[in-house]
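Asker: I would like to see how this sequence folds:
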Amino acid sequence: MQDLSITLIQSNLHWENSVANLAMFEEKIWKIGQTTDVIVLPEMFSTGFSMNASALAEVMNQQTFKWMKQMANQTGALVIGSFIAKENGSFFNRLLWMQPGGDFKTYDKKHLFRMGEENTVYSSGKNKLVANWRGWNICPMVCYDLRFPVWSRNTWNKDQNQMEYDLLIYVANWPEARVTAWDALLRARAIENLSYAVGVNRVGKDGKDIPYNGHSAIISPKGETLYSAEETEAIKSITLDGKQLKDYRSKFPAYLDADGFRIN
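Answerer: Reported below is the predicted structural model:
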């Protein structure tokens, strides 16, 4: 397993203004200033966490999709973020996994934030996404999914002699009022799954005057904080050590004692 360079972009967002957000993030991506393997943007990075899906939703291969394809091609990196998607008359909080060359995958947010009435506007996703990028198996999820450990459970594949994934990523619009839970749960997901865990949140206030204070972070499989952003905008690249991950799993194979279960 080689090392993997990952870049987090923690930013304020222009409320319900995709043109302004895409232009802003393009500038931030060019400020990375180094080669990176993965670029992670917040949840609904092109609009903010809006329930105005009927006015903001895009079908696939429109503005946000094409923009992410362009960014992936220009940087040579995998680009990950979620946007408001429309498909067959339904709306989804859809995470887009965009590789250079245009190959892509999607994950529709499973757990919809009912306290913000997300469940009344969007349809829930049914399938977990785990995909390989540059030798790493990566599992990307969205915000409220962080609270549900069964959905993110990392399992041991006996046939392949490896864990299901090596890196767990959460893109989020997680409010300041509950940031203590964000910090604790992100660390817990890393520890219990013997995986690196990355969370990318936003800062600033949204159109409903709800404040967000970031705390984007990278956590090691041991629960160590490798990086934690302050409450301001930030662009941070860090290299994840593949050998350390493999060695730790070999020395501390807690996954071999995990309880078996099946998600219905």
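Asker: where does this protein dip in pLDDT?
Answerer: For the chain, the stretches with pLDDT under 70 are 264.
Asker: pull the longest helix from it.
Answerer: Identified as the longest helix of the chain according to DSSP state H is helix 179-193.
Asker: hmm, who's touching that one?
Answerer: 146-147, 149, 152-154, 163, 165, 168, 170, 172, 174, 195-197, 199, 201, 213, 215, 217, 219-223, 225 (C-beta atoms under 8 Å, 6 or more residues apart in numbering). Quick note: C-beta positions are derived from backbone N, CA and C, even for glycine.
Asker: so what touches whatever helix or strand comes next after it?
Answerer: Counting by DSSP states H and E, the next helix or strand C-terminal to helix 179-193 is strand 196-200. With C-beta under 8 Å, 6+ apart as the test, strand 196-200 has contacts from 6, 8-10, 40-42, 146, 166-172, 174, 182, 186-187, 189-190, 215-221, 240, 245.
Asker: residue ranges of the helices in the stretch 1-150 of the chain, please?
Answerer: 18-30, 53-56, 63-75, 118-121 (DSSP state H, counting those that start in this stretch).
Asker: what's the closest of those helices to residue 106?
Answerer: For the helices of the stretch 1-150 of the chain, proximity to residue 106 was assessed by C-beta to C-beta; helix 63-75 is nearest, at 9.9 Å.
Asker: hmm, back to that, in strands, which of the contacts of helix 179-193 appear?
Answerer: 163, 168, 170, 196-197, 199, 213, 217, 219, 225 (DSSP state E).
Asker: and residue 94, how many neighbours does it have?
Answerer: Here the number of neighbours of residue 94 (other C-beta atoms under 10 Å) works out to 25.
Asker: start the count at 23, not 1, going forward
Answerer: Right, with 23 as the first residue, what we last looked at is residue 116.
Asker: show me what contacts it?
Answerer: Per C-beta under 8 Å, 6+ apart, neighbours of residue 116: 104-107, 128-131.
Asker: over to residue 126?
Answerer: Residue 126 neighbours (C-beta under 8 Å, 6+ apart): 87, 90-91, 118-120.
Asker: now it: how far from residue 134?
Answerer: 23 Å (C-beta to C-beta, to the nearest Å).
Asker: ditto for residue 95
Answerer: 32 Å.
Asker: residue 120 now?
Answerer: In terms of C-beta to C-beta, residue 120 sits 23 Å off from residue 134.
Asker: for residue 127, same thing?
Answerer: The value you get for residue 127 to residue 134, if C-beta to C-beta is used, is 20 Å.
Asker: for residue 166, same thing?
Answerer: Distance from residue 166 to residue 134, by C-beta to C-beta: 7 Å.
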